[in-house]
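Enquirer: fold the following for me, if possible:
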Amino acid sequence: MVLWGLIGAIVAAMAYVRLAPIDPERWHLPVEMAEDADLAGGAVRVIPAEEGTLQAVDELMRGLPRTRVLAGSVDAGHVTYVTRSAVFGFPDMTTVELRGNDIRMFGRLRFGASDLGVNRKRLEGVIAALE
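Expert: Just a heads-up that it's a prediction; the model follows:
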């Protein structure tokens, strides 16, 4: 009986992770950090903005597996994406913003305390693809 209860709790938690709504007003915010940073639950990267860089970043982000736009647009200079992990569907949010002569990118997790460097790797992969 305990085993079935445990299985039920795991299934319910997995369903919540996949089905819980994501509020754009909570996640689609300005990127306030102006320097590269590695955080327990995410990462920030700042790169120089040239003509077309934001469009290129947008195309690369949209091309990532299991990634969709949550809010914003290139025309607005501010886009937030949701990327889900392959197995459990954990959502990570990545906000990309044109700020002055820089593009600020902030990738962070929604659930948990550590992303195990996944957001840092995603941001650095996008930056490497730009070069």
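Enquirer: list of residues touching the top helix by length along the chain?
Expert: Looking across the chain with DSSP state H, the single longest helix is helix 2-19. The set of residues external to helix 2-19 that reach it, using C-beta atoms under 8 Å, 6 or more residues apart in numbering, is 84, 88, 89, 90, 91, 111. The way it works is simple: take the backbone N, C-alpha and C, and place the C-beta from them, glycine included.
Enquirer: kindly recompute the last result at 6 Å.
Expert: Residues outside helix 2-19 that contact it (C-beta atoms under 6 Å, 6 or more residues apart in numbering): 89, 90.
Enquirer: chain center to the helix or strand that comes right after it: distance?
Expert: Where DSSP states H and E defines the elements, the next helix or strand beyond helix 2-19 is helix 24-27. Offset of helix 24-27 from its chain centre (C-alpha atoms, centre = their mean, to the nearest Å): 12 Å.
Enquirer: worst-scoring helix or strand of this protein, pLDDT-wise?
Expert: For the chain, counting by mean pLDDT, DSSP states H and E, helix 2-19 ranks last in confidence among helices and strands (a mean of 81).
Enquirer: can you give me the buried ones in that one?
Expert: In terms of neighbour count (16 or more other C-beta atoms under 10 Å), helix 2-19 has its buried residues at residue 17.
Enquirer: cool, and stretch 90-110?
Expert: Residues 90-98, 102-110 are the ones in stretch 90-110 that count as buried (16+ other C-beta under 10 Å).
Enquirer: just the ones of those residues in strands?
Expert: Among the buried residues of stretch 90-110, the members found in strands (DSSP state E) are 91-98, 102-109.
Enquirer: and those residues, which two are furthest apart?
Expert: By the measure C-beta to C-beta, 91 and 102 form the most distant pair in those, at 25.8 Å.
Enquirer: excluding chain neighbours, what is closest to residue 65?
Expert: Closest residue to residue 65 apart from its sequence neighbours, by C-beta to C-beta, 6 or more residues apart in numbering: residue 86 at 7.4 Å.
Enquirer: hmm, I was thinking of residue 49
Expert: Excluding the flanking residues, the one nearest residue 49 by C-beta to C-beta, 6+ apart is residue 103, at 4.8 Å.
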